[in-house]
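Q: build me a model from this:
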Amino acid sequence: MGALSTPPASGAAPGPVHEAGVAELQAAMQAGHTTARAIVSACLARIRAVDQAGARINAVIELNPDALTLAAALDRERARSGPRGPLHGIPVLLKDNIATADRLQTTAGSMVLLGARPPRDAHLVTRLREAGAVILGKTNLSEWANIRSTRSTSGWSTRGGLTRNPHALDRNTSGSSSGSAAAAAAGLAPLTVGTETDGSIVSPASINGVVGLKPTVGLVSRSGIVPISHTQDTAGPMTRSVADAAALLGVLAGPDPRDAATAQSRAQDYTRFLDAGRLEGARLGVVRNQFGGHEGVNAVIEQALAALKAQGAVLVDPAALKHVDKYERAELDVLLYELKAGLAKYLAEFAPDAPVRSLADLIAWNREHRGREMRWFGQEHFERADALGGLDEPAYQEALATCRRYARDDGIDALLAEHRLDALVAPTGGLAWLTDFVNGDHYGGSFSSPAAVAGYPHLTVPAGFVQGLPVGLSFVGPAWSEPLLIGLGHAFEQATKARRAPAFARSMPATRGG
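A: Numbering: from 1, shown residues only. Below you'll find the model as predicted:
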């Protein structure tokens with residue numbers, strides 16, 4: 001990270017703001033070297049330079065027209081009474097399935113929700129505003145968070161178009177938090193927020209070379225987030241460092257009466273757990289049966305494992321995670337049952353002016369506008385979900401029980417107990433693939449499902465590169481173990497310094513190697 005430089009006389013934000021972290025920016029504002037308004041201005045200039053022009057990664061779907069005004073008000077407040085906390089004046093980009101009751105749209109990437117203004121902010125947005133963060137805009141996503149089709153292309157939405165991977169522009173960003181990951185990697189804002197049901201934070205974070213933290217389900221309220229599954233959905237940080245993820249999580253987390261799953265959540269300062277020595281004595285299970293088949297990725301992870309050992313970690317290798325195959329079908333069943341129920345509730349509460357009231361209405365609307373909405377792929381998942389019954393169906397209850405048993409009790413919990421492990425480690429997934437609208441996505445393996453189905457926390461941290469394409473290392477722990485994972489991830493990050501800023505190459509380098 002480049003150091004913040006002495007401020008110019010104009011008062012513009014000092015140094016390379018697109019690489020500066022939250023603590024660095026906050027210290028500069030406290031010292032009077034810059035202002036929130038100058039930082040927001042620098043972010044807007046960066047977006048113009050590499051998102052809307054130059055590389056044109058197309059990560060930001062919409063900018064907040066009030067961002068500069070909000071930042072200036074926060075500067076006046078700082079001068080008058082001091083900062084509200086560590087995010088005072090810090091710009092944040094939100095995935096476009098997170099409701100904001102301002103002049104920004106909330107569409108999940110679909111034209112059907114354009115103009116349907118939410119009557120109130122999502123709970124996490126309220127928390128961000130109360131903490132003094134500046135909502136800079138919304139990021140593009142895989143439309144409807146990638147639950148529409150069996151053959152979708154990640155990073156594409158009807159409203160936003162295609163987001164490109166800043167490390168190689170012809171490569172995919174993964175999804176569904178595509179824009180949030182690409183924006184974080186490209187330095188469009190210090191902080192971005194994504195959402196995940198299964199892989200939608202950790203996969204794009206890994207593939208775009210940034211940190212992604214999927215919290216325990218219920219740590220962060222889902223109220224005001226376009227839903228897929230109330231048993232697996234969560235929002236979480238996507239940032240350039242574990243320290244920034246910890247700072248953001250400390251604001252996002254907290255109980256919400258509108259989301260019963262948050263009853264055990266509590267707000268706390270997660271930066272307290274940033275311990276560069278946390279790997280010393282930590283027992284980590286290496287989940288070999290979740291490694292993919294790419295030799296380059298495996299080589300990067302072997303180097304990461306060596307770095308963990310060098311920092312004092314005790315590796316239990318291998319540590320086989322059993323029964324993953326027993327909930328693959330059941331997970332999709334749960335998601336589709338819950339999508340049908342949850343979407344209707346969201347539309348009634350947060351999009352009362354939309355022309356659709358149910359999943360059936362949405363399916364019909366998409367068919368009517370198929371020339372635009374279904375240009376590249378269909379809505380097979382929507383159609384299957386709409387054909388299902390309600391959440392009182394025995395088939396749903398059985399699928400949910402299967403997921404909970406084999407992902408939690410007989411899965412992650414059993415493996416941690418068997419070897420007295422603190423956490424599990426594995427490659428987050430494969431490499432960024434060439435975007436292909438004809439065939440859709442082709443993932444190279446993924447470690448997202450065990451933690452996603454269990455509802456447990458999952459942190460991915462940059463580990464290295466294969467021919468210029470990023471690789472992430474995953475840390476997975478039991479429920480509510482975010483403090484542990486933040487400590488482990490931070491220690492690994494500080495020991496390896498593996499992240500690199502993207503070069504915005506048109507395609508991956510022709511030479512072999514990292």
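Q: C-alpha only now, for contacts and for neighbours.
A: Noted.
Q: just the mean pLDDT for the longest helix belonging to the chain, thanks.
A: Determined from DSSP state H, the single longest helix within the chain is helix 328-350. For helix 328-350, the mean per-residue pLDDT is 98.
Q: buried set for it?
A: Neighbour counts over helix 328-350 (16 or more other Cα atoms under 10 Å) mark 330-347, 350 as buried.
Q: need the next SSE after that helix, C-terminal direction.
A: Using DSSP states H and E, the helix or strand that follows helix 328-350 towards the C-terminus is helix 359-368.
Q: which residues touch stretch 51-69?
A: The contact list for stretch 51-69 (Cα atoms under 8 Å, 6 or more residues apart in numbering) reads 37, 40-41, 47, 50, 96, 103-105, 134-140, 159-166, 169, 178-180, 182-183, 504.
Q: what are the buried residues along it?
A: Neighbour-count burial for stretch 51-69 [16+ other Cα under 10 Å]: 51, 55-64, 67-68.
Q: in the stretch 201-350 of the chain, which spans are strands?
A: Secondary structure of the stretch 201-350 of the chain (DSSP state E, counting those that start in this stretch): strands at 211-214, 234-239, 283-286, 314-316.
Q: in CSV: those, plus mean pLDDT.
A: Below are the strands of the stretch 201-350 of the chain laid out as CSV (pLDDT from 0 to 100):
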stretch, mean pLDDT
strand 211-214, 99
strand 234-239, 99
strand 283-286, 98
strand 314-316, 98
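Q: will you turn those into TSV that also has distance to residue 297 and mean neighbour count?
A: As requested, the strands of the stretch 201-350 of the chain are arranged in TSV below (distance: least, Cα to Cα, whole Å; neighbours: other Cα atoms under 10 Å):
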stretch	distance to residue 297	mean neighbour count
strand 211-214	17	32
strand 234-239	22	30
strand 283-286	15	24
strand 314-316	19	18
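Q: and those strands as a markdown table, adding distance to residue 500?
A: Formatted as a markdown table, the strands of the stretch 201-350 of the chain follow (distance: least, Cα to Cα, whole Å):
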| stretch | distance to residue 500 |
| --- | --- |
| strand 211-214 | 12 |
| strand 234-239 | 13 |
| strand 283-286 | 25 |
| strand 314-316 | 27 |
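Q: so which of those is nearest residue 222?
A: With Cα to Cα as the measure, strand 234-239 is the member of the strands of the stretch 201-350 of the chain nearest residue 222 (6.2 Å).
Q: restrict the closest one to CA atoms and write it as PDB.
A: Extracted in PDB, the C-alpha atoms of strand 234-239 (Å, rounded to 0.1, in the frame of the first residue of the first chain):
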ATOM      1  CA  THR A 234     -26.000 -13.000   4.500                       C
ATOM      2  CA  ALA A 235     -24.200  -9.800   3.600                       C
ATOM      3  CA  GLY A 236     -20.600  -9.300   4.200                       C
ATOM      4  CA  PRO A 237     -17.400  -7.200   3.600                       C
ATOM      5  CA  MET A 238     -15.400  -7.300   0.300                       C
ATOM      6  CA  THR A 239     -12.200  -5.300   0.800                       C
END
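Q: packing partners of that strand?
A: Here strand 234-239 touches helix 178-186, strand 191-196, strand 211-214, helix 242-252, going by 3 or more Cα pairs under 8 Å, 6 or more residues apart in numbering; DSSP states H and E.
Q: the nearest residue to residue 197 once chain neighbours are set aside: what's it in contact with?
A: Distances taken as Cα to Cα, 6 or more residues apart in numbering put residue 233 closest to residue 197, at 4.5 Å, once the chain neighbours are dropped. By Cα under 8 Å, 6+ apart, the contact list for residue 233 reads 195, 196, 197, 198, 217, 222, 227.
Q: ok, now which ones touch residue 488?
A: Neighbours of residue 488 in contact, by Cα under 8 Å, 6+ apart: 275, 278, 279, 475.
Q: and the pLDDT at residue 13?
A: 45.
Q: report the helix or strand with the lowest average pLDDT across the protein.
A: Using mean pLDDT, DSSP states H and E, the weakest-scoring helix or strand in the chain turns out to be helix 370-373, at a mean of 95.
Q: average pLDDT across the very next helix or strand once past that helix?
A: The first helix or strand that comes after helix 370-373 along the chain, using DSSP H and E, is helix 380-386. What helix 380-386 shows for mean pLDDT is 98.
Q: got the CA positions of the helix or strand just after helix 380-386 in PDB?
A: As assigned by DSSP H and E, the chain's next helix or strand after helix 380-386 is helix 394-404. C-alpha atoms of helix 394-404 as PDB (Å, rounded to 0.1, in the frame of the first residue of the first chain):
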ATOM      1  CA  PRO A 394     -42.600 -32.300   3.900                       C
ATOM      2  CA  ALA A 395     -40.100 -32.300   1.000                       C
ATOM      3  CA  TYR A 396     -38.800 -28.900   2.100                       C
ATOM      4  CA  GLN A 397     -38.600 -29.900   5.700                       C
ATOM      5  CA  GLU A 398     -36.700 -33.000   4.800                       C
ATOM      6  CA  ALA A 399     -34.300 -31.200   2.500                       C
ATOM      7  CA  LEU A 400     -33.600 -28.600   5.300                       C
ATOM      8  CA  ALA A 401     -32.900 -31.300   7.800                       C
ATOM      9  CA  THR A 402     -30.600 -33.100   5.400                       C
ATOM     10  CA  CYS A 403     -28.600 -29.800   4.900                       C
ATOM     11  CA  ARG A 404     -28.300 -29.100   8.600                       C
END
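Q: what packs against helix 394-404?
A: helix 328-350, helix 449-454.
Q: looking at these, which is closest to residue 293?
A: Judging those by Cα to Cα, what sits closest to residue 293 is helix 449-454, at 17.4 Å.
Q: and the contacts of residue 488, which is closest to residue 424?
A: Nearest member of the contacts of residue 488 to residue 424, counting by Cα to Cα, is residue 475, at 5.6 Å.
Q: how near is the closest one to residue 282?
A: 12 Å (Cα to Cα, to the nearest Å).
Q: which of the two has more neighbours?
A: Each of residue 475 and residue 282 has its neighbours counted (other Cα atoms under 10 Å); residue 475 has more, 28 against 20.
Q: confidence score at that one?
A: pLDDT at residue 475 comes out at 99.
Q: after the host helix or strand of it, next one along is what?
A: Using DSSP H and E, residue 475 falls within strand 469-476. Downstream of strand 469-476, the first helix or strand assigned by DSSP H and E is helix 482-496.
Q: low-scoring stretches of the stretch 201-350 of the chain, by residue?
A: Along the stretch 201-350 of the chain, segments meeting pLDDT under 70 are nowhere present.
Q: pick the most deeply packed of the helices and strands packed on strand 234-239.
A: Most buried of the helices and strands packed on strand 234-239 by mean neighbour count (mean count of other Cα atoms under 10 Å) is helix 178-186; its value is a mean of 34.
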